[in-house]
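> Sharing a sequence plus its predicted fold:
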Amino acid sequence: MGVSIDDIRKLKELTGIGLTDAKAALVGADGDFDKALEVLRKKGVTKAEKKGDREAREGLVDGYIHGGRIGVVVEVNCETDFVARTDGFKSFVHEIALQIASMSPQYINESEIPAEEMARVRAEAEERAKNEGKPAAMLEKIVDGQVKKHFAEKVLMSQEYIKNDKQTVEDFVKENISKTGENLIIRQFKRIELGVNE
């Protein structure tokens, strides 16, 4: 099946790979753009995860204020001062600040959720599933799904990325790890909303 040059270019821009690799990915996916992108993302994830072990001590602190009512300060780290000074990295950090302002996460990763909070939500989900008469064999899967759903919007990395609903924030971070060639870590953030004490 033939693939269009526009799709090849678009895939190249989105993933940062060469034209030849973009064409090969589209041919391998029978011209299906979304399927080719998914395959490349999975490959990119593997590369990004290898970079995840490298130390990141440089970076930026960025702030964003929305209408004088919501303020965000975020620290994002990379490996080198060179990358920290690039427009691409600055833009990436600002996008993370916008995400936090818009979606109000409480945690960066699931690992930050306190054990007692996780246990409380799980117990409530179990109680609800039992009361609804769900089959015992399916109970654990149902509870796992409900707990994951409960925390999906509270955990920054699990949230849907505000500028692309086909990506999570974690996917967006990994995409930028592939672009910069460096490990990128969202280290900490603080979100302040007028009249709301979190």
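Alright, I've got the coordinates. Being a predicted model, the structure only gives us computed values, none of them experimental.
> Return the helix or strand in this protein with minimum mean pLDDT.
helix 33-51 (a mean of 65; mean pLDDT, DSSP states H and E).
> Give the partner strands of the helix or strand just after it in its sheet and their orientations.
Per DSSP states H and E, helix 33-51 leads on to strand 58-66 as the next helix or strand towards the C-terminus. Sheet pairing of strand 58-66 (DSSP bridges) gives strand 70-78 (antiparallel).
> Number of residues surrounding residue 5?
Neighbour count of residue 5, defined by other CB atoms under 10 Å: 9. All C-beta atoms are positioned from the backbone trio N, CA, C, and that covers glycine.
> Sorry, slip of the keys, the one I care about is residue 79.
Residue 79 has 20 neighbours, counted by other CB under 10 Å.
> Could you pull up the residues touching it?
54, 55, 56, 57, 58, 182, 183 (CB atoms under 8 Å, 6 or more residues apart in numbering).
> correct me, but the last one touches residue 80?
No. Look at residue 183 against residue 80 with CB atoms under 8 Å: they stay out of range, at 10.2 Å.
> hang on, residue 149 in a helix?
Yes. Assessed with DSSP: H, G, I helix; E, B strand; the rest coil, residue 149 lies in a helix.
> Next, count neighbours for it.
11.
> Please tell me how far it sits from residue 30.
Remark: distance between residue 149 and residue 30 (CB to CB, to the nearest Å) = 33 Å.
> re the thing from before, ok, of the contacts of residue 79, which come out buried?
Buried residues within those, defined by neighbour count using 16 or more other CB atoms under 10 Å: 56, 58, 182, 183.
> Report the two of these separated the most.
Maximum pairwise distance in the buried ones among the contacts of residue 79, criterion CB to CB, is 10.5 Å, between 58 and 183.
> shared neighbours of the two, anything?
78, 79.
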